[in-house]
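**Q** Mind looking at a prediction? Sequence and model below.
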Amino acid sequence: MQGFPPQPLPPWSRAVLKVGSSLLAGADGLDPRHARALAGFVEAARSRGREVVLVSSGAVAAGRARVPAAGNGLVQRQALAALGQAALIGFWQALSPRAVAQVLLTHDDLRHRRRYLNARTALQELLRLGVLPVINENDTVAVDELKLGDNDNLAAAVASLVGADLLLIATDIAGLYSGHPGRDPQVQPVPEVAAVTPAVLAMAGPPGRLGTGGMRTKLEAAAKAAAAGIPTALFCGRDPQAVAALAQDRLHGTLVRAAPVRINARKQWLRHAPAAGRLRIDAGAAAALARGASLLPGGVRAVEGEFRRGDVVELLGPDGGLLARGQAQYNAGECARLAGRHSREIEALLGFRYDDVLIHRDDLVQVAAAPPDPEAP
């Protein structure tokens, strides 16, 4: 099996570095063996006037070291996360000559626009003060995140949140291979990915044992970062030479290129904010969205989930595929009453009217191409 040839990192002044549990967990809690080199890279970057935000897993592993008999159910993991957060921050503070700040985020912080902007302002001020922000999901209260989420995708959201130039994901293997490197000796390294396609995702293996995500989630995170105009570097955090090379702007790993056009900050938020519900739309509405139109009530066929006015919802096409995401002008119950009806009926049906559309085009972001409208001439 071949190694990864060195390649230049894209120019950057602000980066997000994600470090997973597999690089931090030891037999007796958190092990600094690999983290020390990563902390050294962060300090080397800061000494050159660059800024780094750290997204770190490891709270559950740190908590388990203190209460080994705890189970592995959701409630037990919530308790272990609460127990281990202080140890995790102390762990990074011991490795950093600069002040370390803990920032815990949940999906609600990314879903609601005002909280999103407040989080961005706080992180920007921490960076201005020369502090190293260490970010994690607030697993103690965020049930869905602990159950379904992962810090790879959180890191992509944070990269968009702080306007990073680069997303760095430290893994326990050298990068992306054309197949499973432990099962097929003929696999080849993939030094560069122009776009995360289904064929690229097929190369990824299953999730790892310690963390909640494997190579697939890292590629999914890279795809989200790419859509925001941010390239992603995948490298082995267990390889001291690969880590040291980063300080010289050299990558031994896989570089996932950014999309050629970077969407604006509001569109980035709409793309990454967790969705509170779904609207299933017909082919005509899908075609209209692809042309840049707003979503009218008449194009909605079904409403799923419980969401409020202002929440982000997903828009699904006739085949169930995800087409767009947008900020709803009406709540779920109101959307259900308006589905399939004309805009002029809104006030008669609800007794009030916020807007003639369910989602305005300025509050929409496309995430996939719409299917052709069969009724189009």
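**A** In hand now; what should we look at?
**Q** switch to C-alpha atoms for all contacts and neighbour counts from now on
**A** Will do.
**Q** Next up, the contacts around Asp282.
**A** Listed by Cα atoms under 8 Å, 6 or more residues apart in numbering, the contact set of Asp282 reads Gly299, Val300, Arg301, Gly317, Pro318.
**Q** Who does the host helix or strand of the third one pair with, and is each partner parallel or antiparallel?
**A** Okay, so that is Arg301. Element membership for Arg301 (DSSP states H and E) is strand 300-304. Strands that pair with strand 300-304, judged by DSSP bridges, come out as strand 277-281 (antiparallel).
**Q** Now do the partner strand, average pLDDT.
**A** Taken as a whole, strand 277-281 carries a mean pLDDT of 97.
**Q** Settle this for me: Ala285 is touching Pro297, isn't it.
**A** No - counting by Cα atoms under 8 Å, Ala285 stays clear of Pro297, with 9.4 Å between them.
**Q** Show me the domain layout of the chain.
**A** Domain assignment for the chain by automatic domain parsing gives 7-266, 275-366.
**Q** returning to what we had before: from the contacts of Asp282, pick the one nearest Ser96.
**A** Lowest distance from Ser96 to these (Cα to Cα) belongs to Gly317, with 48.7 Å.
**Q** Report how many residues lie close to that closest one.
**A** By other Cα atoms under 10 Å, the residues close to Gly317 number 25.
**Q** Also Arg113?
**A** Each residue near Arg113 was counted by other Cα under 10 Å, and the total is 19.
**Q** and if you look at Pro297?
**A** By other Cα under 10 Å, neighbour count at Pro297 equals 25.
**Q** quick one: contacts for the residue nearest to it when sequence neighbours are not counted?
**A** Among residues not flanking Pro297 along the chain, Ala339 sits closest, at 5.2 Å (Cα to Cα, 6 or more residues apart in numbering). For Ala339, the contacting residues are Pro297, Gly298, Gly299, Val300, Arg301, Ala302, Val303, by Cα under 8 Å, 6+ apart.
**Q** Enumerate every residue touching the third one.
**A** Read it as Gly299. Contacts of Gly299 (Cα under 8 Å, 6+ apart): Ile281, Asp282, Gly284, Ala285, Ala339, Gly340.
**Q** go again using 6 Å as the cut-off
**A** For Gly299, the contacting residues are Ile281, Asp282, Ala285, Gly340, by Cα atoms under 6 Å, 6 or more residues apart in numbering.
**Q** Among those, which one lies nearest to Gly179?
**A** Nearest to Gly179 out of the contacts of Gly299 is Ile281 (Cα to Cα; 37.4 Å).
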